[in-house]
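Engineer: Build the 3D model from these lines:
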Amino acid sequence: MHDRRRLKNILGGSLGNLVEWFDWYVYSAFGLYFASAFFPSDDPTLSLLPAAVVFAIGFIFRPIGAWLMGIYADHRGRKAGLTLSVSLMCFGSLLIAFAPTYAQAGVVSPAILVAARIIQGLSLGGEYGSSATYLSEMAGRERRGFWSSFQYVTIIGGQLTALGLLVGLQTAFGESAMEAWGWRLAFGVGSALAVVVFFIRRRLDETLSYENVAKLDDRPKSSGRSLFRDHPREAFLVIALTAGGTLAFYAYTTYMQKFLANTAGFDRATASRIMTVALGLFMLWQPIAGRLSDKVGRRPMMIFFGTCGLLFTYPIFSTLEQTRDPLTAFALVVAALVMVTGYTSINAVIKAELFPSHIRALGVALPFAIANAIFGGTAEAVAFWLKDSGHERWFYIYVSVVIGCSLIAYIRMRETKTTSLILED
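Structural biologist: Sure, this is the predicted structure:
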C-alpha cells in the first residue's frame with residue numbers, strides 16, 4: 001500500500017478510536033457532577049461509589065463485546081467491526097444524555113444508566129480488538145510500534161478531550177449548572193461525534209492481512225473455543241501482561257482525578273486542570289515510546305513499566321495525600337504517567353503480533369477485555385471501597401502487587417518484534 005494511503009487509513013482509524021474513548025471517558029470525567037443525580041446522598045463518596053460500580057459493570061460486559069465483535073471482525077473484516085462498535089457507542093451516549101434523574105424516575109434512573117453502560121461496554125470490548133488489529137496490520141514492519149502507539153494516543157486523546165470539555169463547561173456555566181444539566185451536554189456531544197465517525201469508517205480500506213485470509217476457501221474459524229484451545233499460551237499471556245498495565249492506567253488516569261479532589265483536597269476544577277495538562281503530555285510521548293520500541297524491542301519497555309510501577313506507585317500516591325501545591329501534584333502525576341507509558345505505548349502491537357490473522361482480532365480483544373474487567377474496570381470501585389472502610393493505602397499496595405505479578409510475565413515473554421505473526425507489510 002502506498003505510504004500516503006496507509007497514513008490516511010491509520011489516521012482515519014485513530015480518529016474513530018478517539019471518539020469511542022471520548023464517549024467512554026465522559027462518564028468518568030463528569031462523574032463528580034452526575035453521580036448525585038442517579039445516586040443521591042449527603043456523603044459525596046457514597047454517591048461516587050455506586051457510580052464507580054456502574055463504571056465497573058460496563059467493563060464486565062467488555063469481554064462479551066470482545067468475544068462477539070472480535071469474531072465478527074475476524075469473519076467480516078476489521079472495517080466492519082469498527083463501524084459496528086461506533087454505532088453502539090453512539091446509542092449508549094444518547095441514553096445517558098436523556099436519562100431522567102433519580103428524583104424524576106426513582107430506580108428507573110440508575111437502571112437506564114446501567115443499560116447504557118452495558119451497551120457501551122459491548123461496544124468498547126469490540127473496539128479495542130478491531131482498532132488494535134487494524135492499526136497493527138496497516139502499519140509497516142519497521143514502524144509498527146510507532147504507528148500502533150496511536151491507539152493509545154487516541155485513547156488518551158479521548159480522555160483528554162473529555163477533560164478539556166469538562167474544564168470548558170466548568171468555566172462557561174459554573175458548578176451549579178454543571179450539576180443540574182451541564183453534564184448532559186458532554187454525552188450529547190459524544191453521540192454527535194460518533195455519527196461523524198461512522199461515515200469516516202465506512203470509507204477506510206480493509207487490511208491486507210484480512211483480505212488474504214478472506215480469500216481462503218477453508219480458512220480456520222475464529223471462536224472463543226479455538227482461541228483458548230489452539231493459542232492458550234498467547235491468550236493467557238495477554239491476560240497476564242494486561243492486568244498490571246490496565247490497573248495502573250486507570251489508577252493513574254481516571255481515578256487520579258477523583259483522588260486529587262476527594263483525598264488530596266484540591267477543588268474539582270483544579271484537579272481537572274492538573275489531569276488535563278498531564279494527560280496532554282502523556283498523549284504526546286506515546287509515539288516517541290512506540291518508536292523507541294521499534295529500535296530496542298517491546299520487552300524492555302514493558303520491563304521498565306513493571307519495575308517502576310512496582311517500586312514507585314505507593315510512594316507517589318502516599319505523597320500526593322499530603323500535597324497541597326498544584327505544581328507538586330502535577331509533577332507526581334506526570335511521574336506516574338511516564339512509568340505507565342512503557343505499557344500503554346506498545347501493548348496493542350504486542351498482542352497483535354502474538355496471533356495469526358484469522359483469529360487476531362479475537363485474540364487481541366477477548367483476553368484483554370477479561371483482564372480489563374477484573375482489574376481495570378474495578379480500579380475506582382476498589383479504591384473508593386477501601387477509602388470508605390478506612391484503609392485507603394491498601395489500594396496503593398494492591399496496584400503495586402498486581403503490577404509486580406505482571407512484571408514476571410514481562411520478564412518471561414519472548415520479544416514479539418522479532419517473532420511477529422503479522423506477515424504482510
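Engineer: distance of the one residue sitting closest to the centre of the chain from Ser148?
Structural biologist: Compute the mean C-alpha point of the chain, and by Cα atoms, centre = their mean the closest residue is Ile155, 5.8 Å away. Using Cβ to Cβ, to the nearest Å, one gets 12 Å for the distance from Ile155 to Ser148. C-betas here are computed from N, CA, C, even on glycine.
Engineer: Give the buried residues for stretch 114-124.
Structural biologist: 116-124 (16 or more other Cβ atoms under 10 Å).
Engineer: and the helix or strand of the chain with the lowest mean pLDDT, how far from the chain's centre?
Structural biologist: Evaluated with mean pLDDT, DSSP states H and E, the helix-and-strand set of the chain has its lowest mean pLDDT in helix 208-214, which scores a mean of 77. If you compare the mean C-alpha spot of helix 208-214 with that of the full chain, they lie 27 Å apart, counting by Cα atoms, centre = their mean, to the nearest Å.
Engineer: Mind giving me the packing neighbours of that helix?
Structural biologist: Taking 3 or more Cβ pairs under 8 Å, 6 or more residues apart in numbering; DSSP states H and E as contact, the helices and strands that helix 208-214 lies on are helix 108-138.
Engineer: one more time with 6 Å, if that's ok
Structural biologist: In terms of contacts (3 or more Cβ pairs under 6 Å, 6 or more residues apart in numbering; DSSP states H and E), helix 208-214 is not packed against any helix or strand.
Engineer: got the contact list for whatever helix or strand comes next after that helix?
Structural biologist: The element immediately downstream of helix 208-214 (helix or strand, assigned by DSSP states H and E) is helix 224-230. With contact meaning Cβ atoms under 6 Å, 6 or more residues apart in numbering, helix 224-230 is reached by 67, 235, 359, 362-363.
Engineer: got it, and stretch 263-280?
Structural biologist: Stretch 263-280 has contacts (Cβ under 6 Å, 6+ apart) with 32, 156, 159-160, 163-164, 166-167, 170, 257, 260-261, 320-321, 323, 326, 329-330, 333-334.
Engineer: Those residues, buried ones only, as a ChimeraX selection?
Structural biologist: Under the burial definition 16+ other Cβ under 10 Å, those of the contacts of stretch 263-280 that qualify are selected in ChimeraX by:
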select :32,156,159,160,163,164,166,167,170,257,260,261,320,323,326,329,330,333,334
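Engineer: Tell me which entries of the contacts of stretch 263-280 lie within helices.
Structural biologist: Helix and strand membership here follows DSSP state H; of the contacts of stretch 263-280, those in helices are 32, 156, 159-160, 163-164, 166-167, 170, 257, 260-261, 320-321, 326, 329-330, 333-334.
Engineer: what's Trp183 in contact with, if anything?
Structural biologist: Contacts of Trp183 were listed using Cβ under 6 Å, 6+ apart, and they are 30, 33-34.
Engineer: 10 Å instead, please
Structural biologist: With contacts defined as Cβ atoms under 10 Å, 6 or more residues apart in numbering, Trp183 is in contact with 26-27, 29-35, 37, 96-97, 166, 169, 177.
Engineer: Now Phe198. Nearest residue, chain neighbours left out?
Structural biologist: In space, not counting the residues next to it along the chain, Phe198 is nearest to Val86; the distance is 5.4 Å by Cβ to Cβ, 6 or more residues apart in numbering.
Engineer: so that neighbour makes contact with Lys79?
Structural biologist: No: the pair Val86 and Lys79 does not pass the contact test of Cβ atoms under 10 Å, sitting 11.3 Å apart.
Engineer: Neighbour count: these two, which is higher?
Structural biologist: When Val86 and Lys79 are compared for neighbours, Val86 comes out ahead with 27 against 22, by other Cβ atoms under 10 Å.
Engineer: Which of the helices or strands spans the more buried one?
Structural biologist: Once you assign secondary structure using DSSP H and E, Val86 falls within helix 78-97.
Engineer: ok, now Gly188?
Structural biologist: For Gly188, the enclosing helix or strand under DSSP H and E is helix 183-201.
Engineer: What angle do helix 108-138 and that helix make with each other?
Structural biologist: In this structure, helix 183-201 runs at an angle of 30 degrees to helix 108-138, with axes from the mean of the first three to the mean of the last three Cα atoms, to 10 degrees as the basis.
Engineer: and helix 183-201, how far out from the chain's middle?
Structural biologist: The mean C-alpha position of helix 183-201 is separated from the chain mean by 18 Å, Cα atoms, centre = their mean.
Engineer: and Asp74, what does it touch?
Structural biologist: When contacts are counted by Cβ under 10 Å, 6+ apart, Asp74 is found next to 81, 129-130, 133, 210, 213-214, 219-223, 227, 355, 357-363, 365.
Engineer: ok so, going back, just the CA atoms of the helix holding Gly188, as PDB, please.
Structural biologist: Extracted in PDB, the C-alpha atoms of helix 183-201 (Å, rounded to 0.1, in the frame of the first residue of the first chain):
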ATOM      1  CA  TRP A 183     -23.100  17.100  32.300                       C
ATOM      2  CA  ARG A 184     -25.700  16.100  29.700                       C
ATOM      3  CA  LEU A 185     -24.100  18.300  27.100                       C
ATOM      4  CA  ALA A 186     -21.000  16.100  27.100                       C
ATOM      5  CA  PHE A 187     -22.900  12.900  26.300                       C
ATOM      6  CA  GLY A 188     -24.800  14.700  23.600                       C
ATOM      7  CA  VAL A 189     -21.500  15.900  22.000                       C
ATOM      8  CA  GLY A 190     -20.200  12.300  22.200                       C
ATOM      9  CA  SER A 191     -23.200  10.900  20.300                       C
ATOM     10  CA  ALA A 192     -22.900  13.500  17.600                       C
ATOM     11  CA  LEU A 193     -19.200  12.900  17.100                       C
ATOM     12  CA  ALA A 194     -19.900   9.100  16.800                       C
ATOM     13  CA  VAL A 195     -22.300   9.700  13.900                       C
ATOM     14  CA  VAL A 196     -19.500  11.600  12.100                       C
ATOM     15  CA  VAL A 197     -17.000   8.800  12.800                       C
ATOM     16  CA  PHE A 198     -19.500   6.200  11.400                       C
ATOM     17  CA  PHE A 199     -19.300   7.700   8.000                       C
ATOM     18  CA  ILE A 200     -15.500   8.100   8.200                       C
ATOM     19  CA  ARG A 201     -15.000   4.500   9.000                       C
END
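Engineer: sorry, back to before: how about the helix holding Val86: buried residues?
Structural biologist: Counting neighbours by 16+ other Cβ under 10 Å, one finds that the buried residues in helix 78-97 are 78-86, 88-90, 92-97.
Engineer: likewise stretch 203-218?
Structural biologist: The neighbour-count criterion (16+ other Cβ under 10 Å) identifies 204-207, 209-210, 213 as the buried residues of stretch 203-218.
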